[in-house]
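A.B. asks: what would the 3D arrangement of this be:
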Amino acid sequence: MKRVLVLGGTGFVGRHVCAALQRAGVAMTVITRRMPHARAIQHLPMVSVVQGDVHDPACLRRHLPGHDAVINLVAVLHGNEERFERVHVLLPARLIDAMAACGVRRLVHVSALGADLQAASLYQRSKAQGEQVLLSGAKAHDIALTLIRPSVIFGRDDQFITLFAALQSVAPFVPLAGAHTRFQPVWVQDVAQALANALWDSRTHGQIYEATGPDQFSLADLVRHAGRWAGHARSILPLPHALGWLQALAMECLPGEPLMSRDNLASMQVDNVATGRHPGIGQLGVAKPTRLSTVFEIRP
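C.D. replies: Numbers count the residues shown, from 1 in each chain. A predicted model of the protein is given here:
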């Protein structure tokens with residue numbers, strides 16, 4: 001039986017990836033620092049959850065032996081340059097070295113649509129740097145690497161559409177930075193299935209895939225849809241860049257992960273849609289990606 005080490009398996013995307021691998025009959029090991037975070041996947045009979053820190057090279061080398069492949073889903077959306085580098089650059093570097101040392105030769109890595117060494121945001125630049133580290137390491141150590149670049153990922157358990165829906169339940173209107181930036185959101189279960197399909201397909205080795213849905217929306221369109229779906233749509237007030245920057249700064253000062261940061265705003269200088277330079281998830285067995293309106297259906 002094939003066995004996969006899943007990094008980030010307790011997160012939003014990770015939970016769905018584990019479910020997709022379970023359906024495919026693949027055994028998994030998931031590393032987590034906090035065991036309570038694994039409650040959503042511990043009921044899956046083919047998942048083994050172990051406690052550890054994926055940023056610790058010794059932890060990686062301890063758990064890699066006996067696995068046929070690795071899926072890396074670990075990412076952060078907010079933070080400073082040090083945090084982005086630690087998660088998106090140093091972790092991939094440690095992972096590829098540990099895989100080489102342990103003889104594990106297959107890696108599927110989730111990057112991000114918009115990853116670019118010249119991008120305006122730290123997030124996008126760090127994602128591109130992580131890709132470069134992996135491409136170089138995979139070549140040096142003969143590791144079969146597949147890179148997946150998703151647009152914004154949605155689902156009924158997300159912190160995107162559902163968060164904007166909750167916001168509109170209490171706010172009289174929504175002041176919105178980056179309102180006109182376009183996205184091509186993709187359903188989390190489509191991404192999970194694409195990853196599961198890619199894992200053992202040798203045609204995906206060395207390839208980059210853009211994971212996007214069938215439709216493009218402005219951010220304002222997505223917020224409006226979230227409000228209508230939840231039954232309390234509010235007016236959208238698009239903010240000019242300067243006011244949006246101040247709004248993001250204020251959000252960063254609040255406790256917890258911000259709804260939007262200044263780095264998020266920088267990333268929205270470029271539309272987050274498929275470029276056409278790489279194949280899409282149709283090439284990974286997802287022939288008909290799911291529409292956002294199907295998952296978040298607006299009822300009369």
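A.B. asks: rest of the way, CA atoms for contacts and neighbours
C.D. replies: OK.
A.B. asks: what are the ranges of the helices in the stretch 201-300 of the chain?
C.D. replies: 219-230, 241-252, 262-267, 292-295 (DSSP state H, counting those that start in this stretch).
A.B. asks: TSV for these, including mean neighbour count?
C.D. replies: Formatted as TSV, the entries for these read as follows, by neighbours: other C-alpha atoms under 10 Å:
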stretch	mean neighbour count
helix 219-230	22
helix 241-252	16
helix 262-267	20
helix 292-295	13
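A.B. asks: can you list those helices in JSON lines and add mean pLDDT?
C.D. replies: Putting the helices of the stretch 201-300 of the chain into JSON lines (pLDDT from 0 to 100) gives the following:
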{"stretch": "helix 219-230", "mean pLDDT": "95"}
{"stretch": "helix 241-252", "mean pLDDT": "89"}
{"stretch": "helix 262-267", "mean pLDDT": "94"}
{"stretch": "helix 292-295", "mean pLDDT": "97"}
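A.B. asks: between these, which gets nearest to residue 164?
C.D. replies: Proximity to residue 164 (C-alpha to C-alpha) singles out helix 219-230 among those, at 6.0 Å.
A.B. asks: which elements pack onto the closest one?
C.D. replies: Under the contact criterion of 3 or more C-alpha pairs under 8 Å, 6 or more residues apart in numbering; DSSP states H and E, the helices and strands touching helix 219-230 comprise helix 161-168, strand 235-238.
A.B. asks: need the winner for burial among those.
C.D. replies: Using mean count of other C-alpha atoms under 10 Å, the stretch among the helices and strands packed on helix 219-230 with the largest mean neighbour count is helix 161-168, at a mean of 20.
A.B. asks: picking up where we left off before, quick check: which of the helices of the stretch 201-300 of the chain is nearest to residue 30?
C.D. replies: Taking C-alpha to C-alpha as the criterion, helix 292-295 is the member of the helices of the stretch 201-300 of the chain that comes nearest to residue 30, at 27.5 Å.
A.B. asks: not counting the closest one itself, show me its contacts.
C.D. replies: Surrounding helix 292-295, the residues in contact under the criterion C-alpha atoms under 8 Å, 6 or more residues apart in numbering are 154, 155, 156, 185, 186, 187.
A.B. asks: which secondary element of this protein has the worst mean pLDDT?
C.D. replies: The element with the least model confidence among the helices and strands of the chain, by mean pLDDT, DSSP states H and E, is helix 241-252, at a mean of 89.
A.B. asks: contact partners of that helix?
C.D. replies: Residues outside helix 241-252 that contact it (C-alpha under 8 Å, 6+ apart): 176, 177, 178, 258, 259, 260, 261, 262, 265.
A.B. asks: of the residues you listed, which is the nearest to residue 149?
C.D. replies: residue 265 (19.3 Å).
A.B. asks: distance of that closest one from residue 129?
C.D. replies: The gap separating residue 265 from residue 129 is 20 Å, by C-alpha to C-alpha, to the nearest Å.
A.B. asks: output stretch 265-272 as CSV, restricted to C-alpha atoms.
C.D. replies: Once non-C-alpha atoms are left out, stretch 265-272 reads as follows in CSV (Å, rounded to 0.1, in the frame of the first residue of the first chain):
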residue,chain,number,x,y,z
LEU,A,265,-3.2,44.7,-0.7
ALA,A,266,0.2,44.7,-2.5
SER,A,267,-0.6,41.3,-4.0
MET,A,268,-3.9,42.6,-5.4
GLN,A,269,-2.0,45.0,-7.7
VAL,A,270,-2.2,42.1,-10.2
ASP,A,271,-5.3,40.0,-11.0
ASN,A,272,-5.2,36.5,-9.6
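A.B. asks: and it, how far out from the chain middle?
C.D. replies: Taking C-alpha atoms, centre = their mean, to the nearest Å, one finds the center of stretch 265-272 at 16 Å from the center of the full chain.
A.B. asks: can you pick out the most distant pair from the contacts of helix 292-295?
C.D. replies: 156 and 185 (13.2 Å).
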